[in-house]
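Visitor: With the sequence up front, the predicted model follows.
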Amino acid sequence: MPRCLEGCYAGESIRLARDFGYLCETEFPARQCAEYCTRQHSDPTEQHSRKNMVLASKQILKELIDLLNQDRSPLGNTRPQTILDPSIQRHLTHFSLITHGFGSPAMVAALTAVQNYLTEMLKYTDKNFPNSQQMPVDTNKTKLEKMDDGRK
């Protein structure tokens with residue numbers, strides 16, 4: 001099985017991951033992408049639901065980022081003391097070894113870029129759809145209840 005980072009030493013992989021993280025943080029067009037995508041889904045009746053989906057996505061991503069930030073895989077000659085349960089640390093260490101230390105930091109960088117995108121999406125939604133913060137009156141009703149209302 002070919003390894004794309006096989007030619008890199010652990011130190012080079014770590015440097016590459018840091019550079020990638022910096023570029024994701026400073027150069028990824030999170031605001032522009034968020035605004036573009038939000039404009040593509042601009043039905044005002046869906047904004048509250050979409051906002052809730054974005055908030056839920058941010059929470060799930062945060063949980064994964066927090067987990068990856070606790071990874072204490074050996075790097076080079078260092079063997080940091082693990083803080084995660086061995087049942088998950090074993091898998092993170094495997095990923096780290098086959099990516100020469102690049103894997104988890106790169107994942108954190110990419111997921112953080114997605115977090116920034118979602119944050120920008122919320123800002124744009126709040127600015128352009130002020131009613132998205134409120135629950136529309138009839139969205140608490142089920143489809144069946146709405147149908148019953150229509151029959152009355």
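Guide: Cool, got the structure. Numbering: from 1, shown residues only.

Visitor: and the helix ranked longest in the chain, what's its mean pLDDT?
Guide: When the chain is parsed with DSSP state H, its longest helix is helix 103-128. Taken as a whole, helix 103-128 has an average pLDDT of 96.

Visitor: I figured L84 hits D71, correct?
Guide: Yes: applying CB atoms under 8 Å, one finds L84 in contact with D71, separated by 7.1 Å. The way it works is simple: take the backbone N, C-alpha and C, and place the C-beta from them, glycine included.

Visitor: Spit out the residues that contact those two alike.
Guide: Common neighbours of L84 and D71, counting by CB atoms under 8 Å, 6 or more residues apart in numbering, are L92.

Visitor: Show the low-confidence segments of the protein, by residue range.
Guide: Counting by pLDDT under 70, the chain contains low-confidence ranges at 1-10, 132-152.

Visitor: Thought R72 was touching P80, still the case?
Guide: Yes: look at P80 against R72 with CB under 8 Å: they come within range, at 4.2 Å.

Visitor: between the two, which one's more packed in?
Guide: Per other CB atoms under 10 Å, whichever of P80 and R72 has more neighbours is R72, with 16 against 10.

Visitor: separation between that one and F95?
Guide: Using CB to CB, to the nearest Å, one gets 13 Å for the distance from R72 to F95.

Visitor: quick revisit: which secondary structure elements does the longest helix of the chain contact?
Guide: Counting contacts by 3 or more CB pairs under 8 Å, 6 or more residues apart in numbering; DSSP states H and E, helix 103-128 packs against helix 10-27, helix 30-40, helix 47-69, helix 86-98.

Visitor: Ok, which of those helices comes nearest L118?
Guide: Nearest to L118, of all those, is helix 47-69, at 5.0 Å by CB to CB.

Visitor: and the angle from that closest one to helix 30-40?
Guide: Taking axes from the mean of the first three to the mean of the last three CA atoms, to 10 degrees, one finds helix 47-69 and helix 30-40 inclined to each other by 150 degrees.

Visitor: in helix 47-69, what counts as buried?
Guide: Across helix 47-69, burial judged by 16 or more other CB atoms under 10 Å covers Q47, H48, R50, K51, V54, K58, I65, L68.
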